[in-house]
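# this one's sequence-less:
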C-alpha cells in the first residue's frame, strides 16, 4: 500500500504517462503498478513521468546535432521513433526526433505523439536516455 504522498506522486505520474502511452499500454501498466510487484512499477512510473516533464521542449536542443539526448523510444513492428524534444502543451501533440520506419532511410523530423498512440506504438519503459549518435550507430 502506498502512502498518501506516494499515492499523489503515482496519480500525477500516471496522468503524465497517459499523454504518452496508448490506452492499452497505459491500462496494462496501471495494473502492474497495483500488482504484486507494484512498488517496482510505481517507482518506474514516477521516474519516467519525471523524465518526461523535464525533457527539452521543442527547439531547446537546436544546434546540438548528434549530441542531442534521445529521451524516449517508441516502437511498433519494425518501426522505431526516438524522441528528443516534446511540445510543452498538453495534450501532447508534437515531438521531434529520429524516425526509422524500417525502410532504410531514417530521418530527423516532427512526429505526432497522438498518432503514435493511435497506431498502437508502445513507449519503451526500459529505454535509457542516450545521445542521438549512439542511437544512429545501433
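Noted; the coordinates are in hand. Owing to the predicted nature of the structure, the values given are computational and were not obtained by experimental measurement.

# unless I'm mixing things up, residue 20 is touching residue 71, no?
No: counting by Cβ atoms under 8 Å, residue 20 sits too far from residue 71 to count as a contact (10.6 Å). Every residue, glycine included, has its C-beta placed from N, CA and C.

# Can you work out which residues contact both of those two?
residue 52 (Cβ atoms under 8 Å, 6 or more residues apart in numbering).

# pLDDT score assigned to the closest residue to residue 78 other than its chain neighbours?
Leaving out its chain neighbours, the residue that sits closest to residue 78 by Cβ to Cβ, 6 or more residues apart in numbering is residue 102, at 3.5 Å. In this model, residue 102 is scored at 90, pLDDT.

# Kindly report the same for residue 131.
98.

# Same check on residue 2?
Per-residue pLDDT puts residue 2 at 61.

# mind giving me the domain ranges of this protein?
Domain ranges of the chain: 4-54, 65-137, per automatic domain parsing.

# Now tabulate those in a markdown table and tack on mean neighbour count.
Below are these laid out as a markdown table (neighbours: other Cβ atoms under 10 Å):
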| stretch | mean neighbour count |
| --- | --- |
| domain 4-54 | 15 |
| domain 65-137 | 16 |
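
# Show the contacting residues for the residue nearest the centre of the chain.
For the chain, the residue nearest the mean C-alpha position is residue 72 (4.1 Å; Cα atoms, centre = their mean). Contact analysis of residue 72 by Cβ under 8 Å, 6+ apart lists 20, 51-52, 55, 82-83, 86, 95, 97, 123-124, 127.

# In helices, which of these fall?
Judged by DSSP state H, helices contain the following of these: 51-52.

# Distance of the residue nearest to the centre of the chain relative to residue 45?
As judged by Cβ to Cβ, to the nearest Å, residue 72 and residue 45 stand 14 Å apart.

# just to revisit the earlier point, just the ones in strands from the contacts of residue 72, please.
Within the contacts of residue 72, residues falling in strands by DSSP state E are 82-83, 86, 95, 97, 123.

# From these, pick the one nearest residue 114.
Residue 114 lies nearest to residue 95 out of these, by Cβ to Cβ, at 10.1 Å.

# Which residue ranges of the protein form strands?
Ranges of strands within the chain are 69-70, 72-76, 79-86, 94-100, 107-112, 122-123, 130-131, based on DSSP E.
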